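Chemist: Got a sequence here, can you model it:
(one chain, ligands or ions: 1)
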Amino acid sequence: MSVEDFDVVVAGGGPGGSTVATLVAMRGHRVLLLEKEVFPRYQIGESLLPATVHGVCRMLGVADELAGAGFPIKRGGTFRWGARPEPWTFHFGMSAKMSGSTSHAYQVERAKFDQILLNNARSKGVVVREGCAVDEVVEDGERVTGLRYTDPGGTAREVSARFVIDASGNKSRLYSRVGGTRNYSEFFRSLALFGYFEGGKRLPAPVSGNILSVAFDSGWFWYIPLSDTLTSVGAVVRREDAEKIQGDREKALMDLIAECPMISDYLADATRVTTGKYGELRVRKDYSYQQTTFWRPGMILVGDAACFVDPVFSSGVHLATYSALLAARSINSVLAGELDEKTVLTEYEARYRREYGVFYEFLVSFYQMNVNEESYFWQAKKVTKNENTDIESFVELIGGVSSGETALTAADRIAERSAEFAAAVDRMAGGDGDDMVPMFKSQVVKQAMQEAGQVQMRAMLGEDAEPELPLFPGGLVTSPDGMKWLPYHPA
Ligand code: FAD
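Modeler: Purely as a prediction, here's the structure:
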């Protein structure tokens, strides 16, 4: 069998896989992405966070396309949760980090959203092969060196690469080849039963695009507007109440809706969609878990393959795309010959676990139902060690920006200034044409100028130019364009 060779091969074309593939291909590396299904395909996880939309998607160069796709605008969340009987609402704009044009996210039909990200990967140079199920990793001693997969014609194929990414989600078994074990949380062991309705009520403007989350005796409901008329509705029940979603799913869902007065009211005039991709009533275990290690030499877990936390704060796509960004930085640094694998992947794992841990720890306190929202806000401040007010800490945590990463909040300004800077370098180098001064035709010289210019770019960022501090003692910092790691040298 002939073995193809790439710099990076990615298993899975969900948000995690397409993000890491794109961000590595954008640095000129050869990337193959293998996806088992043929897109568009159904997936749950429809409520996004601002950090994904304005941070990672801006870096991917896809933010404007998303803005034009007609997805409902999510300005925040509305909860009937905790001791207070009335619903309460938060807005992302309550935090200075997400003010103005970055104070919203979208509610997305995942078939459309994931297709946009995968098409974007293709257009940025990733070789994407759909209908290709990855079967196994290839190893050479300690190191993972490639993948075996089956192509759409049923032929077994093999590919080798410096890095193999498992972004194949929570159902695939590939992750186990990284070593360690998948530890399930004792605390979060719920089951979700969900379907789609036409004609459900909407919250009043301007929060009509908010996610509505309503606690009731057996668990909680999500109510996500996917268009003016289509709503995603899911009941999440505790493991002890699992029998409530067994048997006839239609009856089970209607009985649970009847248990929850607010959702009953919102669906009073609605009809359940019974045909097409939204016609099926689906059940998913949403048990929370994390793998004891996120990487081994040559292999990295991204997104759900590494860990998953209870969906109440819609953090899944954020964790998938954020971990993809961290993995891409790590790979870009190693492939550029600037840092070694162990150093960058230690940083990768520490940052991903920190973000996961913040959601996990906070969620434990969020399930205390006998307190009101002020107590949740205070808990968020405690968990994130934020210096802002309690409510800002809460909004930043659940907006996905509590890490303080500039790339997640100021990606648009960074992109603008990167473009300005690249244009300036090209002007100095005499452009790419035949009239270019010979010295500047050398890639090495051009690259060196670009590297030096990063320092300048940080200066151009004005207020954002404060040198980033490592998140962990002895750790790395992010390059100004957000695409690599840099060693930290205190001034
Ligand atoms: P996925 O989106 O699962 O993508 C993995 C891809 O890999 C798939 O396309 C799959 O076909 C492919 N694949 C699988 N096996 C193979 C193989 N062997 N070879 C090649 N390809 C393969 N998240 C949110 O952000 N907001 C929400 O509102 C939300 N609600 C949720 C509600 C519930 C009940 C649950 C369970 C989850 C929810 N999530 C939510 C989480 C969200 O679904 C996931 O976290 C997110 O999809 C993870 O992205 P990913 O790229 O890691 O994996």
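Chemist: Compute the number of surrounding residues for the residue of the stretch 151-300 of the chain found nearest the ligand.
Modeler: Scanning the stretch 151-300 of the chain for the residue nearest the ligand gives residue 169, at 2.6 Å (criterion: Cβ to the nearest ligand atom). Yep, even glycine has a C-beta here, placed from its N, CA and C like the rest. For residue 169, the count of nearby residues is 24 (other Cβ atoms under 10 Å).
Chemist: Enumerate every residue touching it.
Modeler: By Cβ atoms under 8 Å, 6 or more residues apart in numbering, the contact set of residue 169 is 12, 14, 16, 303-305.
Chemist: wait, is it part of a strand?
Modeler: No. Assessed with DSSP: H, G, I helix; E, B strand; the rest coil, residue 169 is coil; it does not lie in a strand.
Chemist: do the longest helix along the chain and the ligand meet?
Modeler: Using DSSP state H to define each element, the chain has its longest helix at helix 341-366. No. Counting by Cβ under 6 Å from any ligand atom, the ligand is not contacted by helix 341-366; separation bottoms out at 11.0 Å.
Chemist: for that helix, packing partners?
Modeler: Judged by 3 or more Cβ pairs under 8 Å, 6 or more residues apart in numbering; DSSP states H and E, helix 341-366 is in contact with strand 295-296, strand 307-308, helix 316-335, helix 373-384, helix 390-399.
Chemist: pLDDT value on residue 246, please?
Modeler: Note for residue 246: predicted pLDDT of 87.
Chemist: just checking, it touches residue 237?
Modeler: No. Residue 246 is beyond contact range of residue 237, at 10.5 Å (criterion: Cβ atoms under 8 Å).
Chemist: Is residue 256 in a helix, a strand, or coil?
Modeler: helix.
Chemist: Residue 255 versus the spatially closest residue to it that is not a sequence neighbour, what's the distance?
Modeler: Nearest non-adjacent residue to residue 256, counting by Cβ to Cβ, 6 or more residues apart in numbering: residue 235, 4.3 Å away. Remark: distance between residue 235 and residue 255 (Cβ to Cβ, to the nearest Å) = 10 Å.
Chemist: Show me which of those two is the more surrounded one.
Modeler: Neighbour tally, residue 235 and residue 255, criterion other Cβ under 10 Å: the higher count belongs to residue 235, 28 against 14.
Chemist: That one falls within a strand, correct?
Modeler: Yes. Looking at residue 235 with three-state DSSP, it is inside a strand.
Chemist: Contact partners for residue 230?
Modeler: 196-198, 273, 278.
Chemist: returning to that earlier point: so in terms of bridging, what pairs with the residue nearest to residue 256?
Modeler: When bridges are called by DSSP bridges, residue 235 pairs up with residue 193, residue 221.
Chemist: sorry, back to before: from the contacts of residue 230, which would you call buried?
Modeler: Buried members of the contacts of residue 230, scored by 16 or more other Cβ atoms under 10 Å, are 196-197, 273, 278.
Chemist: I'd assumed residue 473 was in contact with residue 488.
Modeler: No. Here residue 488 lies out of contact with residue 473, judged by Cβ under 8 Å, at a distance of 9.9 Å.
Chemist: Could you pull up the contacting residues of residue 355?
Modeler: 319, 322-323, 400, 402-403.
Chemist: quick one on the thing from earlier: distance from the chain centre to the longest helix of the chain, please.
Modeler: Taking Cα atoms, centre = their mean, to the nearest Å, one finds helix 341-366 lying 13 Å from the centre of the chain it belongs to.
Chemist: what pLDDT, on average, does it get?
Modeler: Averaging pLDDT along helix 341-366 gives 93.
Chemist: For the stretch 1-150 of the chain, list the residues in contact with the ligand, please.
Modeler: Residues of the stretch 1-150 of the chain lying near the ligand by Cβ under 6 Å from any ligand atom: 11-17, 34-37, 43-48, 133-134.
Chemist: All set now, cheers.
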